[in-house]
Structure formats: structure tokens, C-alpha cells
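Participant: Quick one, fold the following:
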Amino acid sequence: MKSIGNVVIFTAPSGAGKTTIVQHLLKRYGRLGFSISATTRAKRPHEKEGVDYYFMNVQQFLEHIELGDFLEWEEVYPGKYYGTFQSEVQRIWDDGKHIVFDVDVKGATSIKQHYGENAMAVFIKPPSLQVLIDRLKNRRTETKKALKQRIERVKNELTYEHRFDKILVNDILEVTLKEAELLVEDFLNWNES
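Facilitator: Predicted coordinates:
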């Protein structure tokens, strides 16, 4: 029999800090499990297969789509697919944990719609568009063309903020982390303090 639990979704434009927040929450709460997404984008030097993402080529990804293996998926940029395996969700629930997602805004919308009241979707907002652009430039992980493409996407993603249950402005990281803890504790009815 398949288990069903609660899910917490963190979404944001690139560079807003959602991955930092999710990693903090995973360290803080042993009862949370991270949903590892699949992607066709290239692995960055610090990333690990099966920890940060399941890396695959486009053909493999398309085969998983054909088989219906994904809870949600999207072609975020031309030839760059991201998706959430249904088996990944079940793995975490089978471990008796609540799921934390770190996904783009469209994936977050799909997951929230799928799980309804069993999901809390949190939009991480940068203090300003310029701060976000500066963060992306300072990463130095992309070509100028890719960076320009990412910035255009970020502008669109910022328009999604009111589609989610909660909005956190990531201006002072320590404050944002504490606010994220309180949101999770409240949603999951935990008293961890």
C-alpha cells in the first residue's frame, strides 16, 4: 500500500536562495526528506549524482516521460528538462518522512495542485530584481548568453509569487532561515523549539 504524507514546496527564481533554505531545513529536521529531481542539464562541479539531482540525457528523460514516471516535469530551457519522479516521493514517505521539494515555479504549481491541502508552497523572493541579477552574475556558472536567458526567465518567475501559500523575502539569510523553520513547524504541527 502506498503511503501518503505532507509535502513542503520551496520555489523561487534562480539565485533567490531556495536551495540554501532547503538544505538548512534538512539539517535541522530529521523528519524531512529531500525529493531529488531529475535533470538533463550538465552537472556542476560541486554536485553529486543521486544527491543533488539524477542527471540524465534528453533521450533518457523523454523515455521516463513516455513511461509516466514523473509526478511533474518541464522543459525549463530548450533541451533542459527537470522533473520529479513519483518513485522518489514514495521512497521518502516509505521512510516515514515529510517531503521537501526544491523546484521551479511551474513545478511547484503542479505539485501544489496535485497534493492540495497536504502541501504548503513557499515562494522565496529576493529583496529586489537587481540583487537577484547580481547573485546570478556572481555565481559565474554560465555563459553570457545563458545568463541573459536565465535573467529573462527570472523576471517572468517573479510574477508567480501570489500563486503560493506563503512568501518569504530572502534579504537577511538568518532571518529567512528562522522564518522558514517557523512555517514548516506550523504547517506540520511540530513544536521543535
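Participant: Every contact and neighbour count from this point should use C-alpha atoms.
Facilitator: OK.
Participant: Average pLDDT for the helix or strand where Asp134 lies, rounded please.
Facilitator: Taking DSSP states H and E as the criterion, Asp134 maps to helix 129-139. Regarding helix 129-139, the rounded mean pLDDT is 78.
Participant: for the chain, what spans make up the strands?
Facilitator: Here the chain has its strands, by DSSP state E, at 7-11, 32-34, 37-39, 53-55, 70-77, 80-85, 98-103, 119-125, 166-169.
Participant: Can you give the distance of the third one from its chain's centre?
Facilitator: Between the centre of strand 37-39 and the centre of its host chain there is 11 Å, according to C-alpha atoms, centre = their mean, to the nearest Å.
Participant: ok so, going back, what residues sit buried inside the helix holding Asp134?
Facilitator: Within helix 129-139, the residues scored as buried using 16 or more other C-alpha atoms under 10 Å are Leu132, Ile133, Arg135, Leu136, Lys137.
Participant: Disregarding flanking residues, what is the spatial nearest neighbour of the last one?
Facilitator: With C-alpha to C-alpha, 6 or more residues apart in numbering as the measure, Leu147 is the residue that lies nearest to Lys137, at 7.4 Å, once sequence neighbours are left out.
Participant: What of the third one?
Facilitator: If you skip the residues right next to it in sequence, Arg135 has Gly15 as its closest partner in space, 5.8 Å away by C-alpha to C-alpha, 6+ apart.
Participant: show me the contacts for the one you found.
Facilitator: By C-alpha atoms under 8 Å, 6 or more residues apart in numbering, the contact list for Gly15 reads Leu132, Ile133, Arg135, Leu136.
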